[in-house]
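Novice: got a predicted structure plus its sequence, pasted below:
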Amino acid sequence: MVMTISEKVLARASGRERVEAGEYVVGKIDLAMIHDLTGPLTLNVLKEVGYDKPWDPDRVAIILDHQVPANSTVTAALQKQLRDYARKYGLKNYHDLGRQGVCHQILAESYVKPGMLVVGADSHTCSLGALGAFATGIGSTEMAAVFLTGELWFRVPESIKFDLKGRLGKGVSAKDVILNIIGRVGVDGALYCAAEFTGEGVERLSVDGRLTVCNMAIEMGGKTGIINPDRRTLEYTGVKSAPLRSDPDANYLKVVEVDLDEIEPQVAMPHSVDNVKPVSDAGGVRADQVFIGSCTNGRLEDLKAAAGILEGKKVNPNTRLIVIPASQKIYLEAERRGYIKTFVEAGGVVCNPNCGPCLGGHMGILADDETCVSTSNRNFMGRMGSTSSKVYLVSPETAAATAIEGRLADPRKYMGG
Amino acid sequence: MIKGSVWKFGDDVDTDVIIPAKYLRSVDQTVWPKHLLEGLDPTFSSKVKTGNIIVAGRNFGCGSSREQAALAIKWAGVSAVVAESFARIFFRNAINNGLPLVECKGISKAVDEGDVIEIDLDSGNVKTKKGILRSSPLPPFLKEILKSGGLVEYYKAKRAV
């Protein structure tokens, strides 16, 4: 009767003793999230069905994050649609301007607990598996079905175990780990699977770092990234216990061993997330823009790492540095600790928490042939603007070093001691 | 039975090239088809015709959860997408919006652009010039959603019952 954590959460949510990979189950949803880009479509579907009251208003979260504050009349109208809906049903988990942030960060800070079944109308919902939840992205229409019924069908996924051994070197962080993994297994290397990260290497990662790793499970096709809860998870989520964990002899489709000692700073070259090489082999690509932020790397630990490198330095005159904290809470703490001052004094700009230029929505869209070295998660053609622009994905440390040099740079030389 | 001529694409066709985010703000049904797959072929929207079938390699629809990618394909008149494999959110979105998908190993080698192929959704069989390729049919309740025309129609019908 052994099960993985993913199987255990889906079994609990579907009222079953046990489930196994390949079965279809209908699970009760603990938390459902929509945002300003995918949410209006959900509300339109509800309108078409003729009934729009959420099954449980306390289990619905609406978070404005993609283009905040609104950058056009069309965006403003879509955001108003969500605002009106939240007011109509008195939704307390509604995050408008002032309480906003990148949706997955807000979910992590405020709502997600170990063992929950979480769906979000956003592909990076898989980030929340870092807290021991089963969290996955779904479409807007099926989100409407969730709003109506509180349930959704799932195929119980096979799990792939990524066993992280050893220790990360100085200047190397969680982003380098997940880029390295995706480079090895490919953009469909975990297609339909739960990517379960285990081992001493994971235990040593902070919750911020774990969120970074799980965030990019989707970039290898994963249904979720997931990490068994431990002491750090309990501390972060404020719960006393988290009984759902993988059994030691649970079934895995395969086991991939990752030696953290071997990993150098990594970069995913255009236009595919698995086009990964060490920064030291990437040949000093020109950086017209550097972006530090997003649901992948806009957390306090990321800003701390970047500020540590930029402290007392200047951004290269040929490079524009954009820093976007992932939530208001992080923004405030970064301000208190002096990171914001460091970024501004270095010659960067700090924008209010939101998704920023990651998906070419606003705040740093690229012109023809421009390049951006970014801590976000996708480097698809045209992702950040012009179809001839190029995006290089890196860690916050590498992004900061790159901002100083104006070219893709190895951060290890900026590490003291 | 779905029969149509084929437009062929490679592996890992992502949702940002199917429909770039800058067009997502619109909810006008005529906008998305005009920009369908323009990241890979800027002239595609002028060439694709109602009833055509898209054939692709591995991991079709990878990337964001944007349902607009499936809708743009459907609204352009494409009758089905056959691929070696699909990214999972795209797969769900397509079924939920009544766009038939067939995951069919070997399809990209068996078909050339412009070929006419026949898809039998009940059996999962795909008839090509090189013979019949077999694939697993969808589970019954997903077929039911597809037959209803999508999840909304499925729920409307259920509510009526």
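Specialist: On my side now, so go ahead. These numbers come from a predicted model, not from an experiment.

Novice: show me where chain B has its helices.
Specialist: With DSSP state H applied, chain B shows helices at B:15-18, B:31-34, B:44-47, B:68-75, B:88-96, B:107-110, B:140-148, B:151-160, listed in chain order.

Novice: again, but for chain A
Specialist: Ranges of helices in chain A, per DSSP H, are A:5-13, A:39-49, A:73-88, A:103-110, A:140-149, A:174-185, A:200-203, A:207-215, A:231-237, A:294-297, A:300-310, A:328-336, A:339-346, A:396-405.

Novice: next, format those helices as CSV and append distance to A:Ala130 and mean neighbour count.
Specialist: From N, CA and C alone the C-beta is placed, and that goes for glycine too. Shown next, in CSV, are these (distance: least, CB to CB, whole Å; neighbours: other CB atoms under 10 Å in any protein chain shown):
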stretch, distance to A:Ala130, mean neighbour count
helix A:5-13, 12, 25
helix A:39-49, 23, 21
helix A:73-88, 26, 16
helix A:103-110, 7, 26
helix A:140-149, 22, 24
helix A:174-185, 10, 25
helix A:200-203, 10, 18
helix A:207-215, 4, 26
helix A:231-237, 8, 16
helix A:294-297, 11, 30
helix A:300-310, 13, 24
helix A:328-336, 16, 18
helix A:339-346, 22, 20
helix A:396-405, 17, 29
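
Novice: B:Asp120: which of the ones you listed is closest?
Specialist: Judged by CB to CB, the one of those that comes nearest to B:Asp120 is helix A:140-149, at 25.6 Å.

Novice: residues from chain B in reach of chain A?
Specialist: Counting by CB under 8 Å from any CB of the partner chain, chain B comes close to chain A at B:12, B:14, B:16-17, B:20-22, B:24-27, B:39, B:58-59, B:62-68, B:70, B:85, B:87-89, B:92-93, B:96-97, B:139, B:141, B:150-152, B:155-156, B:159.

Novice: which ChimeraX command selects the buried ones in those?
Specialist: To isolate the buried ones among those in ChimeraX, judged by 16 or more other CB atoms under 10 Å in any protein chain shown, type:
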select /B:12,14,16,17,20,21,22,24,25,27,39,58,59,62,63,64,65,66,67,68,70,85,87,88,89,92,93,96,97,150,151,152,155
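
Novice: pipe the helices of chain B into a markdown table and attach distance to A:Lys47 and mean pLDDT per row.
Specialist: Listed next are the helices of chain B as a markdown table, based on distance: least, CB to CB, whole Å; pLDDT from 0 to 100:
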| stretch | distance to A:Lys47 | mean pLDDT |
| --- | --- | --- |
| helix B:15-18 | 24 | 91 |
| helix B:31-34 | 19 | 89 |
| helix B:44-47 | 28 | 95 |
| helix B:68-75 | 16 | 94 |
| helix B:88-96 | 16 | 93 |
| helix B:107-110 | 38 | 96 |
| helix B:140-148 | 18 | 89 |
| helix B:151-160 | 10 | 78 |
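
Novice: in CSV, list the ones you listed along with distance to A:Ile218.
Specialist: Output for the helices of chain B, formatted as CSV (distance: least, CB to CB, whole Å):
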stretch, distance to A:Ile218
helix B:15-18, 11
helix B:31-34, 22
helix B:44-47, 26
helix B:68-75, 14
helix B:88-96, 8
helix B:107-110, 23
helix B:140-148, 22
helix B:151-160, 22
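
Novice: hang on, the earlier thing: and the helices of chain A: which comes nearest A:Leu191?
Specialist: helix A:174-185 (9.9 Å).

Novice: hang on, the earlier thing: just send the helices of chain A back as TSV, with mean pLDDT too.
Specialist: Shown next, in TSV, are these (pLDDT from 0 to 100):
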stretch	mean pLDDT
helix A:5-13	98
helix A:39-49	92
helix A:73-88	96
helix A:103-110	98
helix A:140-149	93
helix A:174-185	98
helix A:200-203	98
helix A:207-215	98
helix A:231-237	98
helix A:294-297	98
helix A:300-310	98
helix A:328-336	98
helix A:339-346	98
helix A:396-405	98
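
Novice: what does the stretch 51-200 of chain A put close to chain B?
Specialist: Residues of the stretch 51-200 of chain A lying near chain B by CB under 8 Å from any CB: A:72, A:74-75, A:78, A:121-123, A:125, A:137-142, A:144-145, A:148, A:153, A:187-188, A:191-192.

Novice: let's see 7 Å
Specialist: Within the stretch 51-200 of chain A, the positions near chain B by CB under 7 Å from any CB of the partner chain are A:72, A:74-75, A:78, A:121-123, A:137-142, A:145, A:148, A:187-188, A:191-192.

Novice: quick one: contacts of the longest strand belonging to chain B?
Specialist: Assignment by DSSP state E gives strand B:2-8 as the longest strand of chain B. With contacts defined as CB atoms under 7 Å, 6 or more residues apart in numbering or on different chains, strand B:2-8 is touched by B:48, B:51-55, B:79-80, B:100, B:111-119.

Novice: out of the residues you listed, which end up buried?
Specialist: B:48, B:52-55, B:79-80, B:100, B:111, B:115, B:117, B:119.

Novice: and of the residues you listed, the nearest to chain A?
Specialist: Chain A has its nearest neighbour among the buried ones among the contacts of strand B:2-8 in B:Pro100, at 15.6 Å by CB to the nearest CB.

Novice: excluding chain neighbours, what is closest to the closest one?
Specialist: B:Ala80 (4.3 Å; CB to CB, 6 or more residues apart in numbering or on different chains).

Novice: ditto for A:Val202
Specialist: Nearest residue to A:Val202 in three dimensions, chain neighbours excluded: A:Leu164, at 5.1 Å (CB to CB, 6+ apart).

Novice: for the one you found, list the residues it contacts.
Specialist: Taking CB under 7 Å, 6+ apart, we find A:Leu164 in contact with A:177, A:197, A:199, A:201-202, A:258, A:260.

Novice: could you report the neighbour count for A:Asn93?
Specialist: If you count neighbours by other CB atoms under 10 Å in any protein chain shown, A:Asn93 ends up with 20.

Novice: likewise for the one 4 residues further on?
Specialist: Neighbour count of A:Leu97, defined by other CB under 10 Å: 15.

Novice: do A:Gly338 as well
Specialist: The burial count for A:Gly338: 12, using other CB under 10 Å.

Novice: separation between the nearest residue to it once chain neighbours are set aside and chain B?
Specialist: Among residues not flanking A:Gly338 along the chain, A:Ala307 sits closest, at 7.5 Å (CB to CB, 6+ apart). For A:Ala307, the distance to chain B (CB to the nearest CB, to the nearest Å) stands at 29 Å.

Novice: same check on A:Val68?
Specialist: Between A:Val68 and chain B the computed distance is 13 Å (CB to the nearest CB).

Novice: and that residue, what does it touch?
Specialist: When contacts are counted by CB under 7 Å, 6+ apart, A:Val68 touches A:97, A:100, A:354.

Novice: possible to save the helices of chain A as TSV with distance to A:Asn377?
Specialist: What follows is the helices of chain A, written out as TSV (distance: least, CB to CB, whole Å):
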stretch	distance to A:Asn377
helix A:5-13	21
helix A:39-49	20
helix A:73-88	22
helix A:103-110	11
helix A:140-149	20
helix A:174-185	9
helix A:200-203	19
helix A:207-215	6
helix A:231-237	21
helix A:294-297	5
helix A:300-310	13
helix A:328-336	18
helix A:339-346	21
helix A:396-405	13
